[in-house]
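Enquirer: Next input, structure requested:
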Amino acid sequence: MIAAPPQSPAGKISVMVVEDQPQILKNQLKILKAFPEIDVIATALSGEAALELLEERQPDVILQDLGLPRMTGIEVTRAVKSRWPKVEVLIFTIFDEEERVVATGRVRLLCLDQDRPLAGEQVKVSLHPPVE
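Expert: Modelled structure (predicted):
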């Protein structure tokens, strides 16, 4: 599944969501829809599909799973940061791999508790660009 709606309105944070499990992707989209300042401009079920979409259009932020099949979230992040350094990457994972993720470059990590669902407020705060 690949989807790329039209450009984001000004003042909104444009987001691409990359998740290989359709039910989790559906839940993430439902959470993100609750925040009017977030505009999901694309979704991809694999890292390869995400990179294909990025050739056409870059979001402000990519919200992606670390545990993607074939091309891992770390490999996707490296490719994104080398080709589109202005695109922020927010990786969510239940794995304890903070060092591996941070070593890929300027990314933000959202570690999830396996027993609690992803909270919309966690995502919203994480998606806002860091203050430099």
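
Enquirer: C-alpha from now on. contacts and neighbour counts both.
Expert: Noted.

Enquirer: Give the bridge partners for Ile38, please.
Expert: Ile13 (DSSP bridges).

Enquirer: residues contacting it?
Expert: Contacts for Ile38 (CA atoms under 8 Å, 6 or more residues apart in numbering) come out as 12-15, 32, 124.

Enquirer: what's the answer for Lys86, then?
Expert: Asp60.

Enquirer: Distance check, it against Pro59.
Expert: Relative to Pro59, Lys86 is positioned 9 Å away (CA to CA, to the nearest Å).

Enquirer: Now do the helices in this structure.
Expert: Ranges of helices within the chain are 22-33, 47-56, 73-83, 98-102, 120-127, based on DSSP state H.

Enquirer: Quick one, which of those gets closest to Leu63.
Expert: Among those, helix 120-127 comes nearest to Leu63, with 8.1 Å by CA to CA.

Enquirer: So that I can see them in PyMOL, could you write out a selection of the buried residues among the contacts of Ile38?
Expert: In PyMOL, a selection of the buried entries from the contacts of Ile38 looks like this (16 or more other CA atoms under 10 Å):
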select buried, resi 13+14+15+32+124
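
Enquirer: right, and out of the contacts of Ile38, which lies closest to Gln23?
Expert: Of the contacts of Ile38, the one sitting nearest to Gln23 (CA to CA) turns out to be Leu32, at 14.4 Å.

Enquirer: List the buried residues for stretch 52-67?
Expert: Those would be 53-54, 58-67, for stretch 52-67 by 16+ other CA under 10 Å.

Enquirer: Cross those residues against strands and list the overlap.
Expert: In strands, defined here by DSSP state E, the members of the buried residues of stretch 52-67 are 61-65.

Enquirer: where's the dip in pLDDT among the residues you listed?
Expert: Within these, pLDDT reaches its minimum at Asp65, with 86.

Enquirer: Now pLDDT and distance to Ile91 too, for the contacts of Ile38, in JSON lines please.
Expert: Listed next are the contacts of Ile38 as JSON lines, based on pLDDT from 0 to 100; distance: CA to CA, whole Å:
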{"residue": "Lys12", "pLDDT": "85", "distance to Ile91": "20"}
{"residue": "Ile13", "pLDDT": "87", "distance to Ile91": "16"}
{"residue": "Ser14", "pLDDT": "91", "distance to Ile91": "16"}
{"residue": "Val15", "pLDDT": "92", "distance to Ile91": "12"}
{"residue": "Leu32", "pLDDT": "86", "distance to Ile91": "15"}
{"residue": "Lys124", "pLDDT": "48", "distance to Ile91": "13"}
